[in-house]
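A.B. asks: predicted model and sequence below, questions to follow.
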Amino acid sequence: MKARILSPTPENIALAAAALRSGDIVGMPTETVYGLAGGVSLPLAVAKIFDVKERPTFDPLIVHVGSDSKTLESLSELRLVDLTGFKSSTRKRARALAQLLMDEFWPGPLTLVLPKHQDVPDIVTSGLATVGIRMPRHPIAQRLIDMTGMPLAAPSANRFGRISPTRAQDVDAELGDRINYILDGGRSDVGLESTVLAISPDAKLSVLRPGIISKTEIEEITGMPVDRPPASKSRRQSPRAPGMLESHYAPHKPLTLLPCPVLKLRKEDFKVPLKSDRLGVLLLSGDPAAARKHLAAVLGVENDRILVKTLSRTGDFQEIAHHLFAELRALDGSDVDWIVAEPCSVEVGLGHAIADRLKRASAGRS
């Protein structure tokens, strides 16, 4: 099998939609990262997603809906959400909260975790009583969902626990020998997965996975406090949403999270084996030449043993997020033996999402 990367012509979108209706799975662009899509009402297609990704079935999937599903009533009519799942005493408040968030952030990178309808296959939600739903902003994703005529389950289109793809070529490198079609929608605008927000039966809010839509933004819109639950600690503990496992987004090569920015690094801070032939460096911001020169002096090695990738010269967080997975993937595919990454010390807003991805990518390595 060798995947065909399809340009997003009407004919190719129709071809991909027909494949989805027949039970196949397809690489799909979204504004966050590329997804591996299958019809949510086709359990065998959903099972194929888990198989192709080598994803444990206890890790739930996110359901993507089309452009005409921006109300709770429409989600109920699609038999995705059970509105009676909210407590009777807080049902009106919970519904108002959900609708407010949909009005404000859909289409876009916000996934809402809501009480699921009994018709949603358990394999989609890993047996949970809730389902994560979002409306992607990417026009090709919207056209594909609308043309398919059903919501699509679509986790990131990579092997489980690895770096999320932000280009069609990344999907091909990860899964090109396992799927038939990848729709090419260009590079993902955001570059990080969606924020996942749970609305509990008693109308409380919890961010299960941080993203570009921040806890602060949600609190400002809703006027309510938003909790941050702890990560699931092991692969034996079922997470409430994707991306909650302690180790995730990891490159194949060892990745160590540095204790401080590169330009403040001293030799005693450096825990990477110096016998590594080549070192890859993921710089959050600044000049790569200055970082390379400083590291070479600290470690007593030649400059050409160090490869530096800068996510943003100016420190712009949206630019950092946009480039994070792409540059991490580039380092992983280079000839370096070990990767180190600067830490993100900002634990609010988009900085929290960036810090979260770096921490999980380096889990078990640092």
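C.D. replies: That came through, no problem. Numbers count the residues shown, from 1 in each chain.

A.B. asks: poorly predicted segments of the stretch 251-366 of the chain, please.
C.D. replies: For the stretch 251-366 of the chain, residues meeting the criterion pLDDT under 70 lie at 273-276, 364-366.

A.B. asks: again, only this time at 80
C.D. replies: For the stretch 251-366 of the chain, residues meeting the criterion pLDDT under 80 lie at 270-277, 347, 363-366.

A.B. asks: same deal with the stretch 101-250 of the chain?
C.D. replies: For the stretch 101-250 of the chain, the stretches flagged by pLDDT under 80 are 228-249.

A.B. asks: repeat that with 50
C.D. replies: Along the stretch 101-250 of the chain, the parts satisfying pLDDT under 50 run over 233-235.

A.B. asks: that one: helices as residue ranges?
C.D. replies: 122-125, 139-148, 168-175, 215-222 (DSSP state H, counting those that start in this stretch).

A.B. asks: relative to residue 306, how far out is the residue of the chain most remote from its centre?
C.D. replies: Distance from the C-alpha centroid of the chain peaks at residue 300, with 37.7 Å (Cα atoms, centre = their mean). Look at residue 300 and residue 306: by Cβ to Cβ, to the nearest Å, they are 12 Å apart. No exception for glycine: its C-beta is placed from N, CA and C like everyone else's.

A.B. asks: shared neighbours of these two, anything?
C.D. replies: When Cβ atoms under 8 Å, 6 or more residues apart in numbering defines a contact, no residue borders residue 300 and residue 306 alike.

A.B. asks: so the helix or strand encompassing residue 47 versus helix 168-175, what angle?
C.D. replies: Taking DSSP states H and E as the definition, one finds residue 47 inside helix 43-53. Interaxial angle, helix 43-53 versus helix 168-175 (axes from the mean of the first three to the mean of the last three Cα atoms, to 10 degrees): 90 degrees.

A.B. asks: burial count for residue 271?
C.D. replies: Residues near residue 271, counting by other Cβ atoms under 10 Å, number 11.

A.B. asks: packing partners of the helix holding residue 47?
C.D. replies: On a contact count with 3 or more Cβ pairs under 8 Å, 6 or more residues apart in numbering; DSSP states H and E, helix 43-53 meets strand 35-39, helix 122-125.

A.B. asks: so which other helices or strands are in contact with the longest one?
C.D. replies: Packing partners of strand 35-39 (3+ Cβ pairs under 8 Å, 6+ apart): helix 10-21, strand 26-28, helix 43-53, helix 139-148, strand 152-153.

A.B. asks: I'd like those laid out as TSV, including mean neighbour count.
C.D. replies: Compiled in TSV, those are given as follows (neighbours: other Cβ atoms under 10 Å):
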stretch	mean neighbour count
helix 10-21	17
strand 26-28	28
helix 43-53	18
helix 139-148	21
strand 152-153	30
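
A.B. asks: of the ones you listed, which approaches residue 288 most closely?
C.D. replies: Nearest of the helices and strands packed on strand 35-39 to residue 288, taken as Cβ to Cβ: strand 26-28 at 31.3 Å.

A.B. asks: can you list the strands that that closest one pairs with?
C.D. replies: With DSSP bridges as the test, strand 26-28 is paired with strand 35-39 (antiparallel), strand 181-183 (parallel).

A.B. asks: now do the contacts for residue 36.
C.D. replies: With Cβ under 8 Å, 6+ apart, residue 36 has these contacts: 25-28, 49, 52-53, 154-157, 171, 175, 179.

A.B. asks: name whatever forms a beta bridge with it.
C.D. replies: Beta-bridge partners recorded for residue 36 (DSSP bridges): residue 27.

A.B. asks: before we move on, the earlier item: can you pull the phi/psi pair for the residue farthest from the centre of the chain?
C.D. replies: phi 70, psi 40 (degrees, to the nearest 10).

A.B. asks: so what's it up against?
C.D. replies: With contacts defined as Cβ under 8 Å, 6+ apart, residue 300 is in contact with no residue.

A.B. asks: how close does it get to residue 267?
C.D. replies: From residue 300 to residue 267 the distance is 8 Å (Cβ to Cβ).

A.B. asks: ok, back up a step: wait, which of the helices and strands packed on strand 35-39 is closest to residue 118?
C.D. replies: Closest to residue 118 of those, according to Cβ to Cβ: helix 43-53, at 13.9 Å.

A.B. asks: setting aside sequence neighbours, what's the nearest residue to residue 191?
C.D. replies: Among residues not flanking residue 191 along the chain, residue 322 sits closest, at 4.1 Å (Cβ to Cβ, 6 or more residues apart in numbering).

A.B. asks: and the one you found, how many neighbours?
C.D. replies: 21.

A.B. asks: same question for residue 118.
C.D. replies: Burial measure for residue 118: 8 neighbouring residues, criterion other Cβ under 10 Å.
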